[in-house]
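[1] Pasting a predicted model and its sequence here:
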Amino acid sequence: MKIDELVCRDNEKLTLENIEDYRRSWAKEIGHMPRNSEIWQHLVDSELIEAMKTRGVRTESGVAPFAVMMKPFSCPGKCIYCPSEEGMPKSYLSDEPAAQRAKLLNFDAGKQVESRVRQMDETGHMTNKVDLIVIGGTFGSYRNDYKREFFKDMFDAVNGVKSNSLEEAQKYNETAGRRVVGISVETRPDWVNEKEIKLWRELGVTKVQLGVQAFDEKILKSIKRGHDLDSVAKATRLCRNAGLKICYHFMPNLPGSSPENDIRMAEIMFVDPRFGPDYLKVYPAMTIPGTQMHEMWNMGEYEPYSEEKLIYVLKEIKRLTPPWCRIDRLIRDISKKWVVAGTARTNLRQVLQKELKDEGKRCLCIRCREVRAGVYDASLDLLMDERDSLGGKELFLSYESRSGETEGKLFSMLRLRLPLKTEKMLFEELEGAAMIREVHTYGQVQQFRESGGDLTQHRGLGKKLMAKAESIARERGFKRMAVISAIGTREYYRSLGYELKGTYMVKEI
Ligand code: SF4
Ligand SMILES: [Zn+2]
């Protein structure tokens, strides 16, 4: 097959996250690594086309995400929609790109990272900042020694140097040529506890993906999730108070729900102070052979929504998403052959985008507002959103453009956590501290005008937001600021006067 045929064949499955995997698989068939220009002209997704046209997607933000899969291990859960495949961690199917690579490499963490680095180097991408996304079964249910070994192997592979211990590998990474700027793990809310979070921090984890699926006790019961909403609230509070970034997985179209109920649940997720995820992955339920849900479908006890209804639900979710949340994914990257009912069409995203556009609606989530990497002249407003959450306040500070070609775009953001003074903190170094859970700058500004101010030259938007956060915390009576820094960004915070205390970068303010 020729490259255009291959791209067309796989078009429906392509996402920003997996396109580099596909590039590699096409390379095998055509005998050379296809260039961006050979690919983008055959794509259908406008977001992907834009990204491939400009520079290639992975490293657009300067950070290369690597998914690394842990070995198969039985999951304590019995969720009725969850597929099992021999030789794969529960819920993963071997034809997903990251899963394929992991299986081929016998789930060796080091080899998975090395193969990813090589692959990205070959396609001309920068790999000096990597974001490790640890996937597999429920993270909490793996043995602790295996977790440590897995993390040491990842760090060693990123460093390109073998170390004697995890601590040594991390120390090396602080100043290495290639740095780890974030690590996420995925787990169940009822597997989050104080001990587990302490371990995560030792491992260098900065973000957690929590499987929640439904914000409705009845549905949670009927899908056999094995946990209730209270455990979601508790896990969220614990994670937030440890400064972790939180991504929820949400599953519309489950048995017992309805489009109206899914929309109501999305509202609860965003508005209820117990919840409010920083990131969101929406995985509409899919009926996969071998699952109990498939049997229900067979017996006529479950019928997924029509495509029209599903698109309506997804559009409403986008409409409800507040500006401080980032929708990482709306559809799961899964091959058609597994799905007998429900959303086999993975170009739903494109259909959705088109409809939103035609209706003149915009999604306000972070992802849809991030400005493309580059240097701009812009007028920026400093915006602040403050909301209550369980155990403390959440502030979202951002620099957003007010006019011109970048109008409405997000240039830089910061998540500030102000825990209740009565809140029991997990770590001594966090006592009396406000916390910066995330700082992210998307575009550089050469000249910018702050709300009503003069035109100034400024590049360090992130630094400005940090200073703002420090002054807010000081005004509210906090004595110190703690940043949940990834191992590879510690040096940056040192340059801003922070020092390492425990696993956080801390500064008296
Ligand atoms: S907890 Fe996750 S992996 Fe385990 S059965 Fe449920 S969905 Fe599947
Ligand atoms: Zn969006």
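    Looks like it arrived, so ask away. Ligands and ions are numbered 1, 2, ... in the order given.

[2] buried set for the lengthiest strand in the chain?
    Using DSSP state E, we find that the single longest strand of the chain is strand 375-389. By neighbour count on 16 or more other CB atoms under 10 Å, the buried set for strand 375-389 is 376, 378, 379, 380, 382, 389. For every residue, glycine as well, the C-beta is placed using N, CA and C.

[3] and this protein, which of its residues are near ligand 2?
    Applying CB under 5 Å from the ion, one finds that the chain approaches ligand 2 through 327, 363, 365, 367, 368.

[4] Just among the residues you listed, which is most surrounded?
    Greatest neighbour count in those, by other CB atoms under 10 Å, goes to residue 365: 22 neighbours.

[5] So that one is in contact with residue 325, correct?
    Yes - at 5.7 Å, residue 365 counts as touching residue 325 under the criterion of CB atoms under 8 Å.

[6] Can you pull out the low-pLDDT segments for the stretch 251-400 of the chain?
    Counting by pLDDT under 70, the stretch 251-400 of the chain shows low-confidence ranges at 331-347, 349.

[7] Which parts of it are strands?
    With DSSP state E, counting those that start in this stretch as the criterion, the stretch 251-400 of the chain has strands at 279-282, 286-287, 326-329, 341-342, 375-389, 392-401.

[8] Could you list every helix and strand in contact with the helix or strand just after the last one?
    Going back to what we said before, that points to strand 392-401. Sequence order places strand 410-419 as the next helix or strand after strand 392-401, per DSSP states H and E. If you count contacts as 3 or more CB pairs under 8 Å, 6 or more residues apart in numbering; DSSP states H and E, strand 410-419 packs onto helix 229-241, helix 366-369, strand 375-389, strand 392-401, strand 433-441, helix 461-475.

[9] Could you identify which of those is most buried?
    Ranked by mean neighbour count under mean count of other CB atoms under 10 Å, the helices and strands packed on strand 410-419 are led by strand 433-441, which reaches a mean of 23.

[10] quick one, what contacts residue 226?
    Going by CB atoms under 8 Å, 6 or more residues apart in numbering, residue 226 touches 76, 77, 78, 79, 188, 190.

[11] swap the cut-off to 6 Å and go again
    residue 77 (CB atoms under 6 Å, 6 or more residues apart in numbering).

[12] what's the answer for residue 366, then?
    Neighbours of residue 366 in contact, by CB under 6 Å, 6+ apart: residue 326.

[13] Without its sequence neighbours, what residue ends up closest to residue 172?
    In space, and not counting its chain neighbours, residue 172 is closest to residue 159: 5.2 Å by CB to CB, 6 or more residues apart in numbering.

[14] For that neighbour, give me phi and psi.
    Backbone torsions for residue 159, taken as degrees, to the nearest 10, come to phi -70, psi -30.

[15] For ligand 1, state which of the buried residues of strand 375-389 is nearest.
    residue 389 (24.6 Å; CB to the nearest ligand atom).

[16] Please report the distance of that closest one from residue 211.
    According to CB to CB, to the nearest Å, residue 389 stands 20 Å off from residue 211.

[17] Can you tell me how far whatever residue of the stretch 201-350 of the chain ends up closest to ligand 2 is from ligand 1?
    Nearest residue of the stretch 201-350 of the chain to ligand 2: residue 327, at 4.6 Å (CB to the ion). Distance, residue 327 to ligand 1, using CB to the nearest ligand atom, to the nearest Å: 20 Å.

[18] same thing with residue 200?
    18 Å.

[19] Skip the chain neighbours and tell me the closest residue to that residue.
    Looking at residue 200 with CB to CB, 6+ apart, the closest residue is residue 185, at 6.6 Å.

[20] Wasn't that neighbour part of a helix?
    No - assigned with DSSP: H, G, I helix; E, B strand; the rest coil, residue 185 falls outside any helix and is strand.

[21] does it really touch residue 134, like I thought?
    Yes - counting by CB atoms under 6 Å, residue 134 is a contact partner of residue 185 at 4.9 Å.

[22] Between these two, point out the one with more neighbours.
    Set residue 185 next to residue 134 and count neighbours by other CB under 10 Å: residue 185 wins out with 26 against 23.

[23] about what we covered before: and the residues of the chain next to ligand 2, which is closest to residue 489?
    residue 367 (21.3 Å; CB to CB).

[24] domain parsing for this structure?
    For the chain, the structural domains run 1-57, 63-366, 370-508, going by automatic domain parsing.

[25] which ones are touching residue 205?
    By CB under 6 Å, 6+ apart, the neighbours of residue 205 are 183, 185.

[26] Now it: phi and psi?
    Dihedral angles (degrees, to the nearest 10) for residue 205: phi -70, psi 140.

[27] any idea how far residue 487 is from residue 390?
    Applying CB to CB to residue 390 and residue 487 gives a distance of 29 Å.

[28] Next: residue 312.
    For residue 312 relative to residue 487 (CB to CB), the value is 43 Å.

[29] Report the beta-bridge partners for the residue of the stretch 201-350 of the chain closest to ligand 2.
    residue 280 (DSSP bridges).

[30] residues near the residue of the stretch 401-509 of the chain found nearest ligand 1, how many?
    Residue nearest to ligand 1 within the stretch 401-509 of the chain: residue 426 (24.1 Å; CB to the nearest ligand atom). Using other CB under 10 Å, residue 426 is surrounded by 17 other residues.

[31] again, but for residue 49
    15.

[32] helix/strand/coil for it?
    Under three-state DSSP, residue 49 falls in the helix class.

[33] Are we agreed that residue 190 is in a helix?
    Yes - the assignment for residue 190 is a helix, going by three-state DSSP.

[34] ok, the residue lying closest to it once chain neighbours are set aside to ligand 1 distance?
    Leaving aside its sequence neighbours, residue 190 sits nearest to residue 227 (CB to CB, 6+ apart; 4.0 Å). Per CB to the nearest ligand atom, residue 227 is found 9 Å from ligand 1.
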